[in-house]
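K.L.:
let's see this in three dimensions:
(one chain, ligands or ions: 1)
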Amino acid sequence: MKKPARTAASQSPAQMSALDLWLTRISWGLAALMVALMAWLLVHHLGGTGSAAALSGEGDSTVALVGLPENLSIPAFDVPDFQPAVYRKASLRTIIPTRERDEVTIYTVEQGDSIFGIAKSFDISPETVLWANYDVLNDDPHMIEIGLDLKIPPTNGVYYQVQEGDTIESVASKFKADPDDILTWPGNHLDIVEPVLEPGTYIMVPGGQREFRQWVVPTIARGRAGVNTTIIGPGSCDTSAGGAFGTGSFVWPAGNHYLSGNDYWSGHLAIDIAAGMGAPVYATDSGLVVYAGAIGGGYGNMVMIDHGNGFQSLYAHLSQINVRCGQSVYQGNMIGLAGSTGNSTGPHLHFEIRYFGAFVNPWQVLP
Ligand SMILES: [Zn+2]
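P.N.:
Numbers count the residues shown, from 1 in each chain. You can find the predicted model right below:
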């Protein structure tokens, strides 16, 4: 049985039977299916969906790397000899929450804490911590002691106790803040249409700021001969205008050249240098000792040196003082030992530099 010729191919001398034609079509169809299957497998595996076949190790190594069963152990990893590098110090204590806070947190002071360090760990400014804790700190960052509970505001600004007669506007202007920021701060829970400030309650004034008292010991200058200098404590003495003079350059007053605690900020016009109990403390420059002994204000045992060129340096919380008032010292001389006297949560060296009575950030003059 023959079908009528319908195509050009069927007009060739070797005409195909209907069976031949269908066999050809089926084999082409199978070939197309196989190509499609191969293409699907290729795309599927390279796409990294990690099928069981891929995990069995069949095929190329790219496929086997896609995923590992959980029960596989990782082979020993030989650490090559790395070049020496600067390692980031691991901080074991992280208090910064993963999501934003809108309420005040209470933090209990631990050994070695400083307002600066606590503020940093909560990602807020040290001033914010100082302002929120006037009742216990009295604006003095040195007043912290182990076990003290501090209020930690959720954002930078002033955490304020509402007084009789306060309005959003009056509070905002008092702390140079935006009334809308107070109104809309979630933790304040204020009715946006009819806000009511309840006297005695606390509100957060985001972005607010206020003046605060600076707790510092006075600058003591060496006196002219016969002139009685201000007596401010048992470590003071009358000094003459003579004695050693500074070079104008400065050396680190401790073996460590890094901080432990407060950096220089508006509430702490000094740096707290890392120094263990009994670590030697050196004169940062030559000069005349104008104070050597215990003093108030949380400084503990303190040495002040007048360098005679406008500069003064101050060393506080010492465990031992090796110089006496009125003595000339030279740059690098050991003047005492570091400690934790006065208001201090752990041994460190509180170091100040002043220039004609004004405070200088020690980082600007230290090498
Ligand atoms: Zn300090």
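K.L.:
quick one, what contacts the closest residue in space to residue 333 that isn't next to it in sequence?
P.N.:
Nearest residue to residue 333 in three dimensions, chain neighbours excluded: residue 283, at 4.8 Å (CB to CB, 6 or more residues apart in numbering). Every C-beta, even on glycine, is put in place using the N, C-alpha and C of the backbone. Residues in contact with residue 283 (CB atoms under 8 Å, 6 or more residues apart in numbering) are 253, 305, 313, 329-333, 335.
K.L.:
ok, now how distant is residue 283 from the ion?
P.N.:
Distance, residue 283 to the ion, using CB to the ion, to the nearest Å: 19 Å.
K.L.:
next one: residue 110
P.N.:
Going from residue 110 to the ion by CB to the ion gives 17 Å.
K.L.:
wait, what's in contact with the closest residue to that residue other than its chain neighbours?
P.N.:
Beyond its immediate neighbours in the sequence, the residue positioned closest to residue 110 (CB to CB, 6+ apart) is residue 146, lying 6.3 Å away. Residues in contact with residue 146 (CB under 8 Å, 6+ apart) are 109-111, 113, 345.
K.L.:
so which bits of the chain are right by the ion?
P.N.:
By CB under 5 Å from the ion, the residues of the chain that approach the ion are 262, 270, 272, 350.
K.L.:
among the residues you listed, which ones are in helices?
P.N.:
Per DSSP state H, helices hold no members of those.
K.L.:
could you flag which of these are buried?
P.N.:
262, 270, 272, 350 (16 or more other CB atoms under 10 Å).
K.L.:
for residue 190, state which of those is nearest.
P.N.:
Checking those against residue 190 by CB to CB gives residue 262 as the nearest, at 34.6 Å.
K.L.:
run through who's touching stretch 235-248.
P.N.:
Identification of contacts with stretch 235-248 by CB under 8 Å, 6+ apart yields 220, 222-225, 227-230, 285-288, 290-295, 301-303, 306-309, 311, 321, 324-326, 328-331.
K.L.:
make a PyMOL selection of the buried ones in those.
P.N.:
Restricted to buried positions by 16+ other CB under 10 Å, the PyMOL selection for the contacts of stretch 235-248 reads:
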select buried, resi 220+222+223+229+285+286+287+288+290+291+292+293+295+301+302+303+306+307+308+311+321+325+326+328+329+331
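K.L.:
please consider this matter closed, and thank you.
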